[in-house]
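Undergrad: Model the structure of this input:
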Amino acid sequence: MMKGFLRTAIAIVALLGALPACTTTASVPQSSGYASNPQVQAFIGEMVSRHGFSKEELEKVFSQAQRRDDILAAMSKPAEKKKPWYEYRKIFLTQSRIEGGVAFWNQNAAILDQAEKAYGVDVQVIVAIIGVETRYGGNTGKYGVLDALSTLAFDYPPRSEFFRGELEQYLLLARAEHIDLLTTKGSYAGAMGYGQFMPSSYLRFAVDFDQNGKRDLWDSPMDIVGSVANYLHEHGWAPGATVTMRANVTGNRYESVIEKGLKPETAVKILRTEGITPSNPLPDDTLAALLSLEQENGPEYWLGLNNFYVITRYNHSPLYAMAVYQLSEEIRLARARMQ
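TA: Below is the predicted model:
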């Protein structure tokens, strides 16, 4: 079992009458928070009528939820997404992250092998995603999830509908898994645990891989690894299949292929007629997308195959998916050299 997974659990389930209530701390002083916000009052009403929550308990919870201006600032300009590939890559393809991946793999080899057999997802990719997301659990987030989701649901109009939905899912998740609404920490967007699952993904894709009756993405190595593997499995991962490969381009017809996006929909046979040649042989009927990644001396071109697209379902950025892929390869090679 990994070191560093154990933390102090603080969770008190509050129940009023026969209605199921959310998880919260007991007898806490009330402050203004979000409870008096008309949007929040309407939201509370929906949670009561739709899911049977206690109005009084939700008002107590939201009285302690605080607007976070630093979250709004971070959401308005996420740092990594504005970087070109050659700078973005340097954030994740570091020696310490590669060595950390080898250590994580070695410490959890039996669990990772079990997850690979159960879900058909390559071990190196499971490890790399956890490495990119949280440095193997070293940074699972410093923001109160309730504060983050409340701030974005009610004070961030560009995506308020999405985050209102995630807030609803968070309340349901807390009730189902006995997660403390007021103390749980995550990212500025409300993502949680080693794999940084949003509440809706936690509810839908997290698994109780250790079969102890709870899906724990902070302290259970089996649940953490199994949940990342299940997420990729559910999105169509093909075990052992090529993820991506370099491509050479000629002319300018390839630009229209790039514009089609990340989903692999064009057969390699057609790509060749557009001036796009894979660096290694691929069957003519293989479906691919074409990516352009900015290097210091100009763009380089890659074919994104099915498994690359699956990684983008975890995070919709092609830079993210390429970082995961390249980190996974570096971890695999480094571990092989050690053995």
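Undergrad: Contacts for the helix or strand hosting residue 49, please.
TA: Per DSSP states H and E: residue 49 is located in helix 38-51. Identification of contacts with helix 38-51 by CB atoms under 8 Å, 6 or more residues apart in numbering yields 34-35, 53-55, 58-59, 62, 150, 153-154, 164, 167-168, 171-172. Glycine gets a C-beta too; all of them are placed from N, C-alpha and C.
Undergrad: ranges for the strands of the stretch 1-150 of the chain?
TA: 143-144 (DSSP state E, counting those that start in this stretch).
Undergrad: Give the buried residues for the least confident helix or strand in the chain by mean pLDDT.
TA: None of the helices or strands of the chain scores lower by mean pLDDT, DSSP states H and E than helix 69-76, at a mean of 92. By 16 or more other CB atoms under 10 Å, the buried positions in helix 69-76 come out as 71, 74, 75.
Undergrad: want to throw these into a markdown table with distance to residue 281?
TA: Below are the buried residues of helix 69-76 laid out as a markdown table (distance: CB to CB, whole Å):
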| residue | distance to residue 281 |
| --- | --- |
| 71 | 48 |
| 74 | 44 |
| 75 | 44 |
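Undergrad: Mind naming the longest strand for this protein?
TA: Looking across the chain with DSSP state E, the single longest strand is strand 287-295.
Undergrad: For that strand, name the packing helices and strands.
TA: If you count contacts as 3 or more CB pairs under 8 Å, 6 or more residues apart in numbering; DSSP states H and E, strand 287-295 packs onto helix 85-92, strand 244-249, helix 254-258, strand 266-267, helix 268-273, strand 298-304, helix 306-314, helix 318-338.
Undergrad: Point out the most buried one among these.
TA: helix 306-314 (a mean of 22; mean count of other CB atoms under 10 Å).
Undergrad: quick one: contacts of that helix?
TA: Everything outside helix 306-314 that qualifies as a contact, by CB under 8 Å, 6+ apart, is 125, 129, 231-232, 235-238, 241-244, 262-264, 287, 289, 304, 318, 320-322, 324-325.
Undergrad: Next, the angle from it to strand 244-249.
TA: Put simply, helix 306-314 runs at 110 degrees to strand 244-249, going by axes from the mean of the first three to the mean of the last three CA atoms, to 10 degrees.
Undergrad: pLDDT weak spots in the protein?
TA: 1-32, 78-81 (pLDDT under 70).
Undergrad: farthest residue from the center of it?
TA: Here the chain reaches farthest from its C-alpha mean at residue 251, the gap being 37.3 Å by CA atoms, centre = their mean.
Undergrad: Can you tell me, leaving aside adjacent residues, what's nearest to that one?
TA: Excluding its sequence neighbours, the residue lying closest to residue 251 (CB to CB, 6 or more residues apart in numbering) is residue 275, at 4.1 Å.
Undergrad: Same check on residue 155?
TA: Leaving aside its chain neighbours, residue 155 sits nearest to residue 67 (5.6 Å; criterion: CB to CB, 6+ apart).
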